[in-house]
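J.: Compute the structure for the input listed below.
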Amino acid sequence: MKIRKLTESFKAQRFVLVVALFIIGCYSTQCQNANRTETANKTSTIKKDTPMKLNPLNEQEQYVILRKGTERPFTGEYTDKFDKGTYICKQCNAPLYESDSKFHSGCGWPSFDDEIKGAVKKTVDADGQRTEITCANCGGHLGHVFYGEGLTDKNTRHCVNSTSMLFVEGSASKKESVSTKAIFAGGCFWGVEYYFQHAKGVLSTKVGYIGGHTQNPTYKEVCAHTTGHVEALEVTFDPSQTSYEELAKLFFEIHDPTQANGQGNDVGPQYLSEIFYFDDAQKATCEKLIAQLQIKGYKVATKLRKTSTFWPAEDYHQQYYEKEGGTPYCHRRVSRF
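T.: Modelled structure (predicted):
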């Protein structure tokens with residue numbers, strides 16, 4: 001009897017001990033979960049992007065930069081300023097224009113025929129009449145860009161409110177970047193340029209004609225198939241930001257390299273798929289990529305040719321979709337690598 005009572009007592013004590021351990025375990029788990037949640041919240045808070053630091057704006061600056069207003073002509077501080085330096089965004093201090101690109105247009109606002117690469121975003125207005133320019137960094141309104149006026153060799157005029165900018169002496173670029181070129185032909189050069197304009201590391205693009213037997217061909221002559229030229233794109237890029245191979249991959253993905261008579265509904269010798277290489281390294285890169293595509297079953301029709309004289313096309317062909325709006329009608333990107 002005594003042994004049974006001791007056994008029952010021991011069982012009761014063991015039950016109490018198990019319950020106590022269970023309660024302690026639950027509490028410990030809750031604490032751990034609470035700590036984990038707190039840590040996650042702290043981590044989440046740390047990972048949140050720090051808001052962009054913007055300069056305070058007065059009423060006139062808010063009217064122009066935030067509400068897309070326009071200062072009265074011939075009243076801006078920088079309309080007739082031609083000192084050497086850099087124009088930066090008044091709201092975020094991002095460099096926008098070098099003074100070397102500024103010219104006198106007589107329009108009443110500061111005028112530039114080029115921007116610092118990647119500094120300015122261009123958006124066609126809702127009514128399709130004009131193209132707005134904004135700071136690519138903070139989105140502040142700058143003005144509008146116009147093409148085809150013939151005021152400079154670049155045939156471009158950024159019409160910018162003085163209110164949107166600040167002037168600082170000296171260049172925004174501490175060192176000149178090394179650049180190199182590539183030439184691709186893949187159907188209508190409007191569509192090819194559209195994709196390369198937005199590619200990382202591309203400094204500039206220019207559409208034109210190459211591979212023919214006449215000098216300074218016109219678009220009409222090329223379309224008449226009397227010159228032997230193809231429509232092509234000359235790409236200037238920064239090799240520290242991208243590579244020739246990456247650009248060549250892009251080329252093979254934005255058009256159909258298996259079509260032998262043109263591109264899409266654009267059929268004819270000026271629309272053939274070709275790459276014009278500058279050196280043996282570029283040629284070898286293209287041969288490697290073509291071999292990779294052939295292994296995947298693509299019957300690549302793209303021809304490789306040593307580069308020859310590249311003749312820039314007429315001004316109205318340059319940056320066509322950027323000026324006219326819209327998207328390419330016979331080019332779209334398809335992943336192939």
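
J.: any idea how far Lys323 is from the residue positioned nearest the centre of the chain?
T.: Centroid check for the chain by C-alpha atoms, centre = their mean gives His198 as the closest residue, at 3.5 Å. Relative to Lys323, His198 is positioned 15 Å away (C-beta to C-beta, to the nearest Å). C-beta coordinates here come from the backbone N, C-alpha and C atoms, glycine included.

J.: Kindly report the same for Gln62.
T.: For Gln62, the distance to Lys323 - C-beta to C-beta - is 30 Å.

J.: One more: Val145?
T.: Separation of Val145 from Lys323 (C-beta to C-beta): 9 Å.

J.: which residues are in contact with both of the two?
T.: Residues touching both Val145 and Lys323 by C-beta atoms under 8 Å, 6 or more residues apart in numbering: Thr131.

J.: More neighbours: which of these two?
T.: Neighbours per residue (other C-beta atoms under 10 Å) separate Val145 from Lys323, with Val145 holding more: 21 against 18.

J.: Any idea what that one is bridged to?
T.: For Val145, the beta-bridge partners are Thr131, His158 (DSSP bridges).

J.: mind listing what it touches?
T.: Val120, Lys122, Thr131, Ile133, Thr156, Arg157, His158, Cys159.

J.: likewise Ala260?
T.: Residues in contact with Ala260, defined by C-beta under 8 Å, 6+ apart, are Leu272, Ser273, Ala301.

J.: What remains of these if I keep only buried residues?
T.: Among the contacts of Ala260, those classed as buried by 16 or more other C-beta atoms under 10 Å are Leu272, Ser273.

J.: need the contacts of Ala260 in TSV with secondary structure, can you?
T.: Shown next, in TSV, are the contacts of Ala260 (DSSP: H, G, I helix; E, B strand; the rest coil):
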residue	secondary structure
Leu272	coil
Ser273	strand
Ala301	coil
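
J.: Give me the neighbour count for Lys200.
T.: Here the number of neighbours of Lys200 (other C-beta under 10 Å) works out to 12.

J.: Ends of stretch 185-202, what's the gap?
T.: Terminal residues of stretch 185-202 lie 17 Å apart, using C-alpha to C-alpha, to the nearest Å.

J.: and this protein, what are its domains?
T.: Taking automatic domain parsing as the reference, the chain has its domains at 59-169, 180-324.

J.: Confirm that Leu250 sits in a helix.
T.: Yes: assessed by three-state DSSP, Leu250 belongs to a helix.

J.: Could you check how far it is from Leu66?
T.: 36 Å.

J.: and what of Val192?
T.: Distance, Val192 to Leu66, by C-beta to C-beta: 37 Å.

J.: for Gly187, same thing?
T.: The gap separating Gly187 from Leu66 is 42 Å, by C-beta to C-beta.

J.: Who has more neighbours out of these two?
T.: Comparing Gly187 with Leu66 by other C-beta under 10 Å, the one with more neighbours is Gly187, at 27 against 13.

J.: For that one, what are phi and psi?
T.: Dihedral pair for Gly187: phi 90, psi -160, per degrees, to the nearest 10.

J.: Angles on the backbone of the closest residue to it other than its chain neighbours, please.
T.: Distances taken as C-beta to C-beta, 6 or more residues apart in numbering place Gln263 nearest to Gly187, at 2.6 Å, with adjacent residues excluded. Backbone torsions for Gln263, taken as degrees, to the nearest 10, come to phi -150, psi 120.

J.: For Gln263, report the pLDDT, please.
T.: Note on Gln263: pLDDT of 91.

J.: Just the helices from this protein, written as ranges.
T.: Assigned by DSSP state H, the helices in the chain fall at 2-47, 59-61, 189-197, 219-223, 244-254, 280-295, 320-324.

J.: weakest of those by average pLDDT?
T.: Across the helices of the chain, helix 2-47 has the smallest mean pLDDT, namely a mean of 41.

J.: any idea which of the contacts of Ala260 is closest to Thr242?
T.: Distance from Thr242 was checked for each of the contacts of Ala260 by C-beta to C-beta. The minimum falls on Ser273, at 21.3 Å.

J.: got the contact list for that closest one?
T.: Ala185, Gly186, Gly187, His255, Asp256, Pro257, Gln259, Ala260, Gln263, Ala301, Thr302, Lys303.

J.: Mind listing the residues bridging to it?
T.: Using DSSP bridges, the beta-bridge partners of Ser273 come out as Gly186.

J.: mind checking how far it is from Glu149?
T.: Using C-beta to C-beta, Ser273 is found at 35 Å from Glu149.

J.: Likewise for Leu233?
T.: For Leu233, the distance to Glu149 - C-beta to C-beta - is 24 Å.

J.: ok, Thr218 - contacts?
T.: Thr218 is in contact with Glu314, counting by C-beta under 8 Å, 6+ apart.

J.: With that, I have no additional questions.
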